[in-house]
Each structure stands twice: as structure tokens, then as C-alpha cells.
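> Prediction below, plus the sequence it came from.
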Amino acid sequence: MPDYDVVRDLLVQFQWISQTVEAIINGKPIPPTKGKPSSRVAELINSIEVISEQYKNLEGQAENYKRKQQSLEMAVRNVTAQLAVEKQAAEQASVLEENLKRAERRIDELVSSNQALKERLAEQKRLYSSTRQETAPDPVHAQEEPSRPQPEATAELTKDETQALLSILKMVQLMDTTFPLDEVVKRACHIPLDSFGSQRAAAFLWEEESASFVPVYSLGLKASLITVFGVSRLRGIDMGVLTELLAKGSTLVIENCWKNPTQGKVYIGEGKVESFESPFPFLPRDFIERFEIYSLMVVPFTCRGRILGVLFVDYGNSLHEFSVAEIAAMNGLGQFIGTSLDNIQRQEASTQRLLKLERQTETGSVLENINGAIARIHQPEPMIGTVLSMVPRVIPCDWVSVLLRDKPARGFYVVGNLGDLSNLVQGKGTIPFEYVNGVADLQTDHILHRANLETEGRTSALDLYLVSHGIRSDVYVPIPIPGEVIGMLHLCSRRVAGFAQEDIALAQDIARRLGDGLKDTMAQRVLDRRRNNGHFKEMQLLIDNLSRKEFRLGDYRDHLIASGLEVARKFNLDEEQQEWIKYAVVLHEIGKNAIPEYILNKREKPTAKELAILRSHPTKGAEMIKNFRFSQLIKGLKFAKFVTPVVRHLYEHWDGSGYPEGLKGVEIPVGSRIVSVVNAYAAMTTGRPYREAVSREQALREIQASSGTVFDPRVVSVFLQTQTTKSS
């Protein structure tokens, strides 16, 4: 007969083994044993556990290999896109090289013309000199022929021709070199003043968009007229001289704008000028009076039958009779300048086409990388951070961030901030809705674009904050998911009107892609963040209830938390590490509950024995944290594993002279290094029973003095930087 008790025990053991194996395979806790398992059973369970752990390791390795494969595939796509860009750039380079060769040939032609003009000028100078010698009186026969006439008209004509040649020579020199458009116009204004002695010159260029001539550069105007000139936009319907200029396409002259406002001369070519009369005044009366114009020459900048601009030249408030040579020279100047402007505009158009092609290629590559990041990264914060790091490559901006709506908190949660909103956010990074007027109610298809924050808005706290940090224009683009807008893509620029329409359209595309990537993960992530914040508040309440000493954390804990998180963010710690910093700040002195009150409250210097007891509180606090079942309170966080060492090594020194283990340098956990600095600052500025509080400045000086000995120099540098920013 079998022993039923033995059989029953075997069945119970078998059932427990089955449950244990199933729990190990599924990663669940091992059920409590029923009875004492045999040694063979225990060995079997241990073997299963080892095999399960090895299987998990293999799964982890497989996942790592999968991520590496995805990274390699992304790298291959990037290289392929880069090769395509280089191929297109090579094609554009060949086109530019051909244009350069044509420009070189043109320069050679101009140099040849320049030499011919120099020779002609030298010949004119010799002719002028010989003419003066012939007209000079002979000292021997001076009394015999006292009434001999002087050929002044011939000399004056030669002088005019010489001045004309000088101006043409300057034109050729102007064309011999490459200048930007504004510089070409500026030099053109100087030529009539330098060569013919005119008093004033003003240049306008044709603008297709407004169908008008817009002011570019002027010389000789009174200070009171410069502003008037700067806002002048000239149209043919407003000024008859422009109507005639556009009709005839040649230089016009009005020799008396006051007395004969409808009579003028036009250059008809080959050194000839023709007089004509217009049925209407060339210039409005108020224009003549405001600028005090008497005699005026209007020179068009022409090329290939088009008028690209106009140059006004006059002699101030005096009449002047323009010579034929002067008019011919200025007409030639207009043709030279027109050719230069046409070449510059065509070159700029080619450059813009090339830049547009390069931007399109870069945009395609970036959008492909964004799609890859969204498909590869399943956590919202890393996904957003990766996407935002790519935005400045295709949209010129100085700040870029994502503001996620948190309706229960009545604000925006700042994620992936590439700027400086640290002084504006509250708590864990929430900007209240009232700080961002007009943004919280944006719908899916609407955007908010301000081209100049100094003149538009500036009614909300965020607007004032942005302007104070040098931001001049911004744009808010909604991030949509089905049924709602979960946040905003916020772009900022330090330039007025920093965003073109194509930039805004691209930002909308990126925001839509972000919404597609976030729609499956955002709801759960927001829920986790709220739950963790709730657990943190419960943690604070629990610690306050446990703390029965006079050092109660509530007096300066909020300041510690804010300072610690600010340093952690600027130290580039991820969000999880920032969580450990926050909990460590709350718990860093919990070990003082195990220290006698008479030692904590003693106003005299502690004895060596009392000091040893006092210095045991980090170790005791770490043991308390390790033994408490905080993991039940903070679900999903590896609490004790990360917070315990931060608290235990809070009083280690950078040079190894601290306690309890004498760790040195980077051996000390980074959380301990951060909390120790902010704790020291708070302790010095709030005081202790045995020491009075010191001023903020003195505390900062003491922390600076301890850099490299007590504290991590990098942490001290970041902390002092944050404090300096707050004080300013």
C-alpha cells in the first residue's frame, strides 16, 4: 500500500514545480513553496532559473542586434541621399564653371576696351595741351597783336569730351571687378559727382512685386530729405518723367523744372540730343519744391530692352546746361550699370535655384530621418528630442520646442526644449495656459505666426519672456492626432520676419508627422507622468510624517528640488535620472531620524564621538530606503537601486576626503555630486542650530572655493551659471 501522505506531498511538490516553471518562463514572481522541496527539486528549479535568465539575455542581445541593423540601414539611406546631393552639386558646379568662363571672356573684352579708352584719353589730353599752347600769347609779339581772339569754345569742348571719357573710364573700371548690387549702384552715384561736378545723385531700382522704382542710394541730399527719399516709391503714373523715360528708354534732361516743366531733351544716339515737349509736367510741383530741383538729368539703367533702374542727377538749387558729351557719357553709364545689374540678378537667380535644389534635397533627407526616428523610438520624449534636433537643418531658427497640452494642469508641458524656457516653467516643466494667450485654443489647421514680437502681441508672460531673450519672431504650429490637438511645435527666431511661408509649411509637415508618431504613445505617457507626480507627492507626505527632527525638509526642500533639477537638465541627464535626483533630494537626510535629537540640535561644536554618530546618517538613510517597500508606492521605477547610492554617497568629496567610503572623482554617483552642491548651498543660506545662515553671495563664494576638492568642478560651474542667470 502506498503511503498516501508521501503521494500527496509529491503531488503538491509537482504542482508547485509546475507553477514555478510557468512563473519563471513568464517573468512572474515565484509562488511560495508548500512544504520543503527536495534537493533534486531545488536544483531543478535553479537550473530553470539560470536557463530563463540566459534566454532573457539572448532576447536582449537579439534586440540590440535588431537596433544596430536599423541604424545601419538608416546610415545606408543617408549615404545614398548624400551621394545624390553630391551628384546634383557636381552638375550645378559644371554649369557655374561654364558661366565663370563666359564671365572671364567678358572681363577680357572689358580690359581691352579699358586699354583703348585709356589711349583715347591720353590722346585727348595731348590735344587739349597742344590747344592751350597754341592759344597762349607770344611774349615777343604780345604788344603787336593785343586783340588776337582766344579759341575758348574749342578748349571748352575738349574739356567736356575729356570729362566724358573720364566718366566712361570709371564705368569700365567698375565693370572690371565683381561687386554686389548695392555697391554697383553706390559707385554709379559717385561718377557724375566726381567727373562732372554735379551736386546730388539718387538711384532707384525697379521692383516687379510692387511695380515701382524703390530707393537704393543717394548722395548730396540734406539730412531732412534723406528720410523722405528712403520711403519714396516712384511710379510712371505719378511722374511724367518716368512715363517718358519708359517710352523712350534713353537719358532725359530737364534744364529748368520751375519755368519750363514740360520742355526737355532726350539722347537719341551717336552724340546727338533732341529737344521735345511733353503734354504734361515731368515732375509734380510739390516734388520740385520739396527737393529744390532746378536742372535735372534722368538716366535709365537699361539692358536687353528693359529698364532695371533709374539715376537722378542734378546741380542743387541752381540752373545748369548739360552738354552733349555729358549726356552721352551718362547715357553710356546707364547702359553699363544696366548690364551689371542684369548679370548680378541672373547670377543671384542661378544661386537661388541652386540653394533651392540643395534645400529640397536636404529637406527630403531630414524628413526621411524623422520618419525613421518616429518608427524606431517608442518613447515620446526621446522621439521629440530626436526630431527637434533635425529641425534647424531645414528651418532657420534659434529656439525650437514642443509644448504638449496638459489639460488637468491647465498648461503646456515643455518637451525637447532647444532654447531657454527654464526660468519660465513651473514644477516639472509646465507653462500655464494664461502665459501663452491665444495659443491654447489653436485648432488643427490654424497656426499663429508673429513676424515682429516687439510690435505684435507682447501681452502674455511668454511673449515678454521671449522678447527679453532676444526673440523677435515666432510661429506656433499645432501637433494633431485624431480628434484633437495634443500640443504645439514652437519655432523662434532672433530676426524680424524670420520665417518664410515655405518654412511654416515645412513646420506643419513635421508637426503632422510628430502627431502620427505620438498618437499611440502619448495618452499612456501622460497618464504615467501624472501617476508618478502623484507618487512623488505621496512620497513627500510620507517623508514629512517620518521626519520628527528639527531639520525638517519642508523649510528648504522646494528650493533644493528646483535647483537640483535645473542643474541635472543643464548636465544633460535624461528624464529618468532627473527623477532619481528629485527623490534623492527629498530623502537625502532621512537617516537623521536615527540620530539622537541632542546631537542634531546641539549648538556647540560636536565632539569626535558625536561627529562620528552624525556622519553615520547617510549610511543609515541608505539602509532605511533599501528596506522600505517604496517600489509598491512608485510602480515601475527602479527606486532603491538608483536612489540608495545617491543618498549613501552624498558626503563623498571630489578629492577622496569624504565619507563613508572615501570615493574619489567620477567614482561618486553623479546624483550625489549634484545633490551635495545644492544641499550645501541651501544649508549655508538657511543655517543650522550650530551655525547662522550666510548671505547668498558668501555661500556661492564658499562653493566656488571648494570646487575640485569637495565638489565636482563641472557641477559647480553649472550651478553657479544657473544662479548667475537667476540673479540677472
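Alright, I've got the coordinates.
> for the residue nearest in space to the middle of the chain, phi and psi?
Compute the mean C-alpha point of the chain, and by CA atoms, centre = their mean the closest residue is D398, 1.8 Å away. When read as degrees, to the nearest 10, the backbone of D398 gives phi -100, psi -40.
> and what of V387?
Per degrees, to the nearest 10, the backbone of V387 is at phi -60, psi -40.
> check which helix or strand covers G487.
Assigned by DSSP states H and E, G487 belongs to strand 484-493.
> go on, I599?
helix 597-600.
> Next SSE downstream of the helix or strand of the chain with the lowest mean pLDDT?
Across the helices and strands of the chain, the lowest-confidence element by mean pLDDT, DSSP states H and E is helix 630-633, at a mean of 42. Downstream of helix 630-633, the next assigned helix or strand under DSSP H and E is helix 639-648.
> ok, and what's touching that following helix?
580-581, 583-584, 587-588, 590-591, 618-619, 621-622, 625-626, 628, 630-631, 660, 669, 671-672, 675 (CB atoms under 8 Å, 6 or more residues apart in numbering). (Each C-beta comes from the backbone N, C-alpha and C, glycine too.)
> Please apply the same query to stretch 210-222.
182, 185-186, 189-190, 193, 199-207, 226, 229-235, 242, 291, 309-310, 316.
> likewise stretch 650-667?
Contacts of stretch 650-667 (CB under 8 Å, 6+ apart): 584, 588, 615-616, 618-619, 648-649, 668, 672-673, 675-676, 679, 708-713.
> Relative to the whole chain's centre, how far out is it?
Centroid displacement of stretch 650-667 relative to its chain, using CA atoms, centre = their mean, to the nearest Å, is 41 Å.
> Would you mind measuring the gap between the ends of that stretch?
12 Å (CA to CA, to the nearest Å).
> quick one on the thing from earlier: quick check: buried residues in the helix holding I599?
Under the neighbour-count criterion of 16 or more other CB atoms under 10 Å, helix 597-600 has I599, L600 buried.
> I'd say V402 and P478 touch.
No - the pair V402 and P478 fails to qualify as a contact (CB atoms under 8 Å) at a distance of 11.2 Å.
> Now for these two: what residues contact both?
G487, M488, L489.
> Can you tell me which of these lies closest to T430?
G487 (12.2 Å; CB to CB).
> Show me what the closest one bridges to in the sheet.
Listed beta-bridge partners, G487: L404, I479 (assigned using DSSP bridges).
> Could you list which residues are in contact with it?
Listed by CB under 8 Å, 6+ apart, the contact partners of G487 are V402, L403, L404, R405, F412, Y413, V415, P478, I479.
> cool, and T685?
Y556, A693, V694, S695, R696, A699 are the contacts of T685 under CB under 8 Å, 6+ apart.
> Might you report the residue contacts of the residue lying closest to the last one once chain neighbours are set aside?
Right, the one you point to is A699. In space, and not counting its chain neighbours, A699 is closest to M684: 4.1 Å by CB to CB, 6 or more residues apart in numbering. Listed by CB under 8 Å, 6+ apart, the contact partners of M684 are A693, V694, Q698, A699, E702.
> and with 7 Å instead?
A693, V694, A699, E702 (CB atoms under 7 Å, 6 or more residues apart in numbering).
> And D574, by the same measure?
D574 makes no contacts at all, as judged by CB under 7 Å, 6+ apart.
> returning to what we had before: I'd like the distance between the residue nearest to the centre of the chain and K407.
For D398, the distance to K407 equals 29 Å [CB to CB, to the nearest Å].
> Show the model's pLDDT score for S717.
pLDDT, S717: 90.
> Can you report how many residues neighbour it?
By other CB atoms under 10 Å, the residues close to S717 number 13.
> Mind giving me the packing neighbours of whichever strand or helix holds it?
Assigned by DSSP H and E, S717 belongs to helix 713-727. Here helix 713-727 is seen to pack against helix 557-570, helix 670-686, helix 696-705 when contacts are counted using 3 or more CB pairs under 7 Å, 6 or more residues apart in numbering; DSSP states H and E.
> what's the angle from the longest one to helix 696-705?
What it means is helix 670-686. Comparing the axes of helix 670-686 and helix 696-705 via axes from the mean of the first three to the mean of the last three CA atoms, to 10 degrees yields an angle of 140 degrees.
> likewise the first one?
Regarding helix 557-570 and helix 696-705, their directions subtend 40 degrees when assessed with the same axes, to 10 degrees.
> And the average pLDDT for helix 557-570 is what?
Helix 557-570 comes out at a mean pLDDT of 77.
> Give the next helix or strand downstream of that helix.
Note on helix 557-570: by DSSP H and E, the next helix or strand toward the C-terminus is helix 575-587.
> what about that next one, distance to the chain center?
With CA atoms, centre = their mean, you get 31 Å for helix 575-587.
> What are the buried residues along the helix or strand containing M383?
Counting by DSSP H and E, the element that carries M383 is helix 380-390. Within helix 380-390, the residues that count as buried by 16+ other CB under 10 Å are P380, E381, P382, M383, I384, G385, T386, V387, L388, M390.
> how far away is the fifth one from R77?
Just to be clear, that refers to I384. Look at I384 and R77: by CB to CB, they are 22 Å apart.
> can you check the first one too?
P380 sits 24 Å away from R77 when distances are taken as CB to CB.
> Over to S224?
In terms of CB to CB, S224 sits 62 Å off from R77.
> coming back round to it: contacts for whatever helix or strand comes next after the helix holding I599?
Counting by DSSP H and E, the next helix or strand C-terminal to helix 597-600 is helix 608-614. The contact list for helix 608-614 (CB under 7 Å, 6+ apart) reads I595, I599, P606.
> ok, the first one touching H617?
Going back to what we said before, that points to I595. Yes - counting by CB atoms under 7 Å, I595 touches H617, with 5.4 Å between them.
> neighbour-wise, which of those two wins?
H617 (24 against 20).
> one step back: any of the contacts of helix 639-648 buried? List them.
So, by 16+ other CB under 10 Å, the buried ones in the contacts of helix 639-648 are 580-581, 583-584, 587-588, 590-591, 618-619, 621-622, 625, 628, 630, 660, 669, 671-672, 675.
> Quick check: can you list the domain ranges of the protein?
4-117, 122-132+153-344, 377-519, 526-727 (automatic domain parsing).
> Show me the one of those that comes nearest S365.
S365 lies closest to domain 4-117 among these, at 4.3 Å (CB to CB).
> any low-confidence regions in the stretch 501-650 of the chain?
Applying pLDDT under 70 to the stretch 501-650 of the chain flags residues 520-558, 627-640.
> mind checking how far the closest residue to S278 other than its chain neighbours is from L354?
Nearest-residue entry for S278: T262, 4.8 Å, with adjacent residues in sequence omitted and distances by CB to CB, 6+ apart. According to CB to CB, T262 stands 49 Å off from L354.
> quick one: which of the two has more around it?
Legend: neighbour count by other CB under 10 Å for T262 and L354, higher for L354 (17 against 13).
> pLDDT score assigned to the more buried one?
For L354, the pLDDT comes out at 73.
> cool, and K56?
K56 is given a pLDDT of 70.
> Check the one 10 residues further on too.
Per-residue confidence at K66 stands at 77 (pLDDT).
> From start to finish, how long is stretch 487-506 in a straight line?
Stretch 487-506 has an end-to-end distance of 17 Å (CA to CA).
> same question, stretch 447-456
Stretch 447-456: ends 15 Å apart by CA to CA.
> Going forward, the N-terminal residue is numbered 16.
Right, with 16 as the first residue, what we last looked at is stretch 462-471.
> Can you read off the pLDDT for F316?
As predicted, F316 sits at a pLDDT of 91.
> residues contacting it?
F316 makes contacts with I322, L323, G324, V325, L326, G349, I352, G353, L356, as judged by CB under 7 Å, 6+ apart.
> My impression was that F514 belongs to a helix - is that right?
No - assessed with DSSP: H, G, I helix; E, B strand; the rest coil, F514 is coil; it does not lie in a helix.
> now it, nearest residue through space, not along the chain?
V490 (5.3 Å).
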